[in-house]
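Undergrad: Predicted structure and sequence below. I'll ask about it afterward.
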Amino acid sequence: MEDRQQKNIATFIHLSSFTRFIFPFGNFIGPLILWLSNRDKSEFIDKNGKQIINFQISILLYAIIIACIAIPFFLLSIFGNIAFSNFEGIELDINQPSVILFTALGLGVIAIVAFVLELVLIIIASLKARDGEIYKYPLTIQFLK
């Protein structure tokens, strides 16, 4: 059974991923520092730390994949409709949005939904840690075992 201090540390390890809103890569640095400095105190803290770090790495990987798919579609939708006329100027055909643009926008919506879902899952994991449970984030690749 975990004591109150272990539960608090595990909770703060999850919540420390919100430091991303204060400084870049805070979602990795905050949990990593707290986990590395406290992982020897209990198996409960160690498992919670690994869960949030695995989740953050997985989220980064998924974001890179979505960006690699969405950015070319978005650029193609913008620059694919450019017509050059006697090199006098650039005309954009904005009257007929393309399927490519809708695909890029759809991937953008997926990214926004994923971001909100990430925040909700971190809060759920924090509440579970507070209650002495280990939360397994969905769709997380287990880099640290």
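TA: Received the coordinates, thanks. Remember, it's a predicted structure, so these values are computed and weren't measured experimentally.
Undergrad: the bottom helix or strand of this protein by mean pLDDT?
TA: Averaged element by element with mean pLDDT, DSSP states H and E, the chain has its least confident helix or strand at strand 82-84 (a mean of 47).
Undergrad: and residue 39, what are its phi and psi?
TA: As for residue 39, its main-chain torsions (degrees, to the nearest 10) stand at phi -60, psi -20.
Undergrad: That one against residue 49, yeah?
TA: Yes. Using C-beta atoms under 8 Å, residue 39 makes contact with residue 49 at a distance of 5.7 Å. Backbone N, C-alpha and C define where each C-beta goes, glycine included.
Undergrad: Neighbour count: these two, which is higher?
TA: Just comparing residue 39 and residue 49: by other C-beta atoms under 10 Å the higher neighbour count belongs to residue 49, 24 against 17.
Undergrad: where's the more buried one, which helix or strand?
TA: Per DSSP states H and E, residue 49 falls inside helix 43-79.
Undergrad: Counting neighbours, which bits of that helix end up buried?
TA: Across helix 43-79, burial judged by 16 or more other C-beta atoms under 10 Å covers 44-59, 62, 70, 73-74, 77.
Undergrad: now do stretch 134-141
TA: Neighbour-count burial for stretch 134-141 flags 135, 137, 140 (criterion: 16+ other C-beta under 10 Å).
Undergrad: quick one, what contacts the residue minimising distance to the centre of the chain?
TA: Residue closest to the mean C-alpha point of the chain, counted by C-alpha atoms, centre = their mean, is residue 59 at 3.8 Å. For residue 59, the contact set (C-beta atoms under 8 Å, 6 or more residues apart in numbering) comprises 114, 118.
Undergrad: try it again with 7 Å
TA: By C-beta atoms under 7 Å, 6 or more residues apart in numbering, the contact set of residue 59 is residue 118.
Undergrad: Distance of it relative to residue 33?
TA: When C-beta to C-beta, to the nearest Å is applied, the distance between residue 59 and residue 33 equals 18 Å.
Undergrad: ok but residue 15 is inside a strand, no?
TA: No. Read with DSSP: H, G, I helix; E, B strand; the rest coil, residue 15 is helix and lies in no strand.
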